[in-house]
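> Structure for the following, please:
(2 chains)
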Amino acid sequence: GQNIDQPTEMTATEGAIVQINCTYQTSGFNGLFWYQQHAGEAPTFLSYNVLDGLEEKGRFSSFLSRSKGYSYLLLKELQMKDSASYLCAVRALSGGYNKLIFGAGTRLAVHP
Amino acid sequence: EPEVTQTPSHQVTQMGQEVILRCVPISNHLYFYWYRQILGQKVEFLVSFYNNEISEKSEIFDDQFSVERPDGSNFTLKIRSTKLEDSAMYFCAMQQGREAFFGQGTRLTVV
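So this is what the prediction gives:
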């Protein structure tokens, strides 16, 4: 089966660092995405990992360990506008084609 | 970031009516996807479409759903006889290299 777990909610302070974890059990793993989604809007691409290690992109970094089925998204220098849901999604390869399987999302609240 | 345009942004329809949701990518891509998100729930895969054919579909994508690329550019999702539980945001997505980009979504409300 396919299963993706991430915390439901997190809170953090403006200017701080927050780490959002994601664990997954999927077949045909072909990469892991992180998306940001503000209420009522479409998911916005943040990062993609397919090999083990850390990918850094400005204030956002994403880490992947395939052997552990684990990823995290690290947000530095938090801003109020970072308050949103963060979606972990695994790209699963099936029959030669890809699809994204999403976790339920982590709702992050950044407060002053 | 490539732009994926969806129309309409919001559609209200009566139960049992047919709806067609449209997606227009800016550039030519072969891989398209439809996802839906019921209010307060997670994003769910519906169907993938490659080279003008369905490549994979989920258990949600039953006989009431169909996808087409009628004119080589627009990419449509049709729901033949809408049910109340079809109310959701419907997102079109396309894959470009390692990345997958979403349209802004169509909010479908079935009354």
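
> For the helix or strand bottoming out on mean pLDDT in chain B, list every residue counted as buried.
Ranking every helix and strand in chain B by mean pLDDT, DSSP states H and E puts strand B:99-102 at the bottom, with a mean of 83. Buried positions in strand B:99-102, judged by neighbour count with 16 or more other C-beta atoms under 10 Å in any protein chain shown: B:Ala100, B:Phe101, B:Phe102. Any C-beta I mention is one placed from the backbone N, CA and C, and that applies to glycine too.

> touching chain A at all, that strand?
Yes: using C-beta under 8 Å from any C-beta of the partner chain, strand B:99-102 reaches chain A at B:Glu99, B:Ala100, B:Phe101, B:Phe102.

> so how far is that strand off the chain centroid?
Put simply, strand B:99-102 sits 14 Å off its chain's centre (C-alpha atoms, centre = their mean, to the nearest Å).

> which is the next helix or strand following that strand?
The helix or strand immediately downstream of strand B:99-102 is strand B:106-110, counting by DSSP states H and E.

> quick one: average confidence on that next one?
Taken as a whole, strand B:106-110 has a mean pLDDT of 97.

> and what of stretch A:99-112?
Across stretch A:99-112, the average pLDDT comes to 94.

> do the same with stretch B:69-77
Mean per-residue pLDDT for stretch B:69-77: 83.

> give me the number of residues near residue 65?
Unless you meant another one, I'm taking chain A. A:Ser65: 13 surrounding residues under other C-beta atoms under 10 Å in any protein chain shown.

> Actually, chain B is the one I wanted.
By other C-beta under 10 Å, the residues close to B:Phe65 number 18.

> Which helix or which strand is home to the closest residue to B:Ala100 other than its chain neighbours?
In space, and not counting its chain neighbours, B:Ala100 is closest to B:Ala93: 5.5 Å by C-beta to C-beta, 6 or more residues apart in numbering or on different chains. Applying DSSP H and E as the criterion places B:Ala93 in strand B:88-96.

> Poorly predicted segments of the chain, please.
With no chain named, the answer covers chain A. A:1, A:95 (pLDDT under 70).

> my bad, chain B
Scanning chain B for pLDDT under 70 picks out B:1-2, B:26-30.

> about what we covered before: show me which of the buried residues of strand B:99-102 is closest to chain A.
Set against chain A, the nearest of the buried residues of strand B:99-102 by C-beta to the nearest C-beta is B:Phe102 (4.3 Å).

> Specify the local secondary structure of the residue lying closest to that closest one once chain neighbours are set aside.
Nearest residue to B:Phe102, sequence neighbours excluded (C-beta to C-beta, 6+ apart): A:Ala42, at 4.3 Å. Under the three-state scheme (DSSP: H, G, I helix; E, B strand; the rest coil), A:Ala42 adopts coil.
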